[in-house]
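**Student:** Sequence below, structure please.
(chains A and B, ligands or ions: 1)
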Amino acid sequence: MDWNGRDVISIRDFSKSDIEFVLKVAERLEEELREKGSLEYARGKILATLFFEPSTRTRLSFESAMHRLGGSVIGFSSASSTSVRKGESLADTIRTVEQYSDVIVIRHPMEGAARLAAEVAEVPVINAGDGSNQHPTQTLLDLYTIKRAFGKIDGLTIGLLGDLKYGRTVHSLAEALAFYDVELYLISPELLRMPKHIVEELRERGVKIHETTDLEGAIPELDVLYVTRIQRERFPDEEEYLKVKGSYQVNCKLLKNAKETLKVMHPLPRVDEIHPEVDKSEHALYFRQVFSGVPVRMALLGLTLGVL
Amino acid sequence: MPELKVEVIPEGTVIDHIPAGKWLKVIEILGLTKPNGGTLLIASNVPSKKLGRKDIVKVEGRYLSEEEVNKIALIAPDATVNIVRDYKIVEKFKVSIPDEIVGILTCPNPNCVSNHEYVRPRFKVESREPLKLRCHYCERTIEGEEIIGNL
Ligand SMILES: [Zn+2]
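**Tutor:** Residues are numbered from 1 along each chain as shown, chains lettered A, B, ... in the order given. This is a model prediction of the structure:
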């Protein structure tokens, strides 16, 4: 696979060896970064971050990654401050911005926007979230975090907890995990079960799956508990949201029955799904997970720029 | 009931077994409504053993390729295509759904970029039986009624 100039749009475009390659490069960069403090691979290169909807964390993570690679960053963080407000098409915005930059990171409220941007742009485009569709760099950093914590992904039992129905991150994480020899516990309120077609696809791909509403019962089995927030804005109606709001919380009492080595993950921000008392325990992996975003995004930027 | 005799053409393409009432959609999809699309003979609501009623489209002086005609497979899955030279059928095939559907179907996802920007909608065929398509842009899959409703 030639990475120079490649777009990163959907985790569906990735093979297992693509994923493994990115994780390996990220690991190498993380070590180099620890030794040298900052790197020079992307010296003179410019990243444009086009955030048509705000997502401060993701934007900061990409900006940090580019700076750590020795490159620089331009961009905007809300569509209201750009000519998009004047009715400019996405294609024209992309054609303009690529004149100023060597790689583009795009976040857009519409599904498929990143794919369209990649078709228009000559420079590589990285999807930082397109509506409720894809957020491939999140999935890669999730996998990277698991791999760094356990030294492997194969053989692990992983619980996905929370909004499995609307949660974009858990859908693509589950699909990517299907490349590995893992057992999955899908833990959610009845109303928020993982869509049937995804469960079927995972089963077809040989993943051993347990669907349950019983978090306490599942806890002792798990190596990883991946918690997600129930996002009000994803619900078609408020009443449905109120029925499931606050239906679970991960706290120290619950974790008493967990394996000592259990790691708790969360894409953040959290609201009340994980009690702050868990933060200080050996189980908490979510801040380490945030850190993982940087080496993974450095790897993707460097590879698509052709400088690694 | 004997099948209605429809005028034969000397050269061109005959598309038979189109569901009744769909001829206009067929010629639109095939781009035959343009002035250089070829002379058209249309027979609509013709009695048919197989379909009850059917439409037939004859395009004079043009030989449509299998690939071209396959575009209509979504609305006319039983269509047969005859290539006529010198009043004789020299080639005959049934339409089949291509691997990719471009520009015929709009995406039912209101938040899909293909419904907001100047772009031709594109779908990959994930399965033929039952028919399941995946939008190239938003990656959502569509099946059955939803496909017909968005043609
Ligand atoms: Zn779509």
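**Student:** Break down chain B into its strands, ranges please.
**Tutor:** B:12-19, B:39-48, B:52-60, B:80-85, B:88-94, B:100-102, B:122-128, B:131-135, B:141-143 (DSSP state E).
**Student:** what about whichever residue of the stretch 151-300 of chain A sits closest to chain B, is that helix, strand or coil?
**Tutor:** Residue nearest to chain B within the stretch 151-300 of chain A: residue A:197 (7.4 Å; C-beta to the nearest C-beta). For glycine as for every other residue, the C-beta is placed from the backbone atoms N, C-alpha and C. When classified by DSSP: H, G, I helix; E, B strand; the rest coil, residue A:197 comes out as helix.
**Student:** ok, now which ones touch the residue positioned nearest the centre of chain B?
**Tutor:** By C-alpha atoms, centre = their mean, chain B has its centre lying nearest to residue B:72, at 1.6 Å. By C-beta atoms under 8 Å, 6 or more residues apart in numbering or on different chains, residue B:72 lies in contact with B:15, B:18, B:25-26, B:29-30, B:79, B:95.
**Student:** and if we set it to 10 Å?
**Tutor:** Contact analysis of residue B:72 by C-beta atoms under 10 Å, 6 or more residues apart in numbering or on different chains lists B:15, B:18, B:22, B:25-30, B:57, B:64, B:79, B:81, B:95, B:97, B:104.
**Student:** Please work out how many residues are found near the residue of chain A found nearest the ion.
**Tutor:** Scanning chain A for the residue nearest the ion gives residue A:112, at 5.4 Å (criterion: C-beta to the ion). Other residues near residue A:112 come to 32 when the count uses other C-beta atoms under 10 Å in any protein chain shown.
**Student:** how close does the nearest residue to it once chain neighbours are set aside get to residue B:9?
**Tutor:** Using C-beta to C-beta, 6 or more residues apart in numbering or on different chains and skipping the chain neighbours, the partner closest in space to residue A:112 is residue B:137 (2.7 Å). Distance, residue B:137 to residue B:9, by C-beta to C-beta, to the nearest Å: 40 Å.
**Student:** Assess the claim that residue A:130 and residue A:172 are in contact.
**Tutor:** No: counting by C-beta atoms under 10 Å, residue A:130 stays clear of residue A:172, with 11.9 Å between them.
**Student:** Give the residues shared as contacts by those two.
**Tutor:** Common neighbours of residue A:130 and residue A:172, using C-beta under 10 Å, 6+ apart, are A:10, A:136.
**Student:** and those two? which has more neighbours close in?
**Tutor:** It is residue A:130, of residue A:130 and residue A:172, that has more neighbours when counted by other C-beta under 10 Å, with 31 against 23.
**Student:** Residue A:136: how many residues sit nearby?
**Tutor:** Residue A:136: 25 neighbours (other C-beta under 10 Å).
**Student:** you'd agree it is up against residue A:118?
**Tutor:** No: counting by C-beta under 10 Å, residue A:136 does not reach residue A:118; the two are 12.0 Å apart.
**Student:** joint contacts of those two?
**Tutor:** By the contact definition C-beta under 10 Å, 6+ apart, residue A:136 and residue A:118 are jointly contacted by A:8-9, A:126-127.
**Student:** how about those residues in a markdown table, adding secondary structure and neighbour count?
**Tutor:** What follows is those, written out as a markdown table (DSSP: H, G, I helix; E, B strand; the rest coil; neighbours: other C-beta atoms under 10 Å in any protein chain shown):
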| residue | secondary structure | neighbour count |
| --- | --- | --- |
| A:8 | strand | 28 |
| A:9 | coil | 26 |
| A:126 | strand | 25 |
| A:127 | strand | 26 |
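**Student:** Which of those lies at the shortest distance from chain B?
**Tutor:** Distances from chain B to the shared contacts of residue A:136 and residue A:118, taken by C-beta to the nearest C-beta, are shortest for residue A:9, at 9.4 Å.
**Student:** Identify the residues contacting that closest one.
**Tutor:** Here residue A:9 is in contact with A:106, A:112-119, A:125-127, A:130, A:133-134, A:136, B:137, B:139 (C-beta under 10 Å, 6+ apart).
**Student:** likewise residue A:173?
**Tutor:** With the criterion set at C-beta under 10 Å, 6+ apart, residue A:173 makes contact with A:11, A:135, A:138-140, A:142-143, A:146, A:158, A:160, A:167, A:184, A:226, A:228, A:265, A:267.
**Student:** repeat for residue A:31
**Tutor:** By C-beta under 10 Å, 6+ apart, residue A:31 lies in contact with residue A:295.
**Student:** next one: residue A:99
**Tutor:** A:48, A:122-123.
**Student:** Narrow those to those in strands?
**Tutor:** Those of the contacts of residue A:99 lying in strands (DSSP E): residue A:48.
**Student:** Top of the contacts of residue A:99 by number of neighbours, please.
**Tutor:** Ranking those using other C-beta under 10 Å puts residue A:48 first, with 23 neighbours.
**Student:** Write down the beta-bridge partners of the spatially closest residue to residue A:8 that is not a sequence neighbour, one by one.
**Tutor:** What sits nearest to residue A:8 in space, not counting adjacent residues and going by C-beta to C-beta, 6+ apart, is residue A:126, at 4.5 Å. Counting by DSSP bridges, residue A:126 is bridged to residue A:8, residue A:105.
**Student:** hang on, isn't residue A:126 packed against residue A:101?
**Tutor:** No: assessed by C-beta under 10 Å, residue A:126 is found out of contact with residue A:101, at 11.7 Å.
**Student:** Can you check which residues contact both of these two?
**Tutor:** With C-beta under 10 Å, 6+ apart, residue A:126 and residue A:101 have common neighbours A:47, A:49.
**Student:** Give me the phi and psi angles of residue A:36.
**Tutor:** Main-chain dihedrals, residue A:36, degrees, to the nearest 10: phi -100, psi -10.
**Student:** Please name the residues that touch it.
**Tutor:** Residue A:36 neighbours (C-beta under 10 Å, 6+ apart): none.
**Student:** ditto for residue A:247
**Tutor:** Residue A:247 makes contact with A:162-163, A:188-192, A:213, A:215, A:230, A:273, according to C-beta under 10 Å, 6+ apart.
**Student:** And for residue A:186?
**Tutor:** Contact analysis of residue A:186 by C-beta under 10 Å, 6+ apart lists A:158-161, A:164, A:170, A:174, A:193-194, A:198-199, A:202, A:209-213, A:218.
**Student:** Show me what whichever strand or helix holds it pairs with in its sheet, parallel or antiparallel.
**Tutor:** In the assignment (DSSP states H and E), residue A:186 maps to strand A:183-187. Its sheet considered, strand A:183-187 pairs with strand A:157-161 (parallel), strand A:208-212 (parallel) by DSSP bridges.
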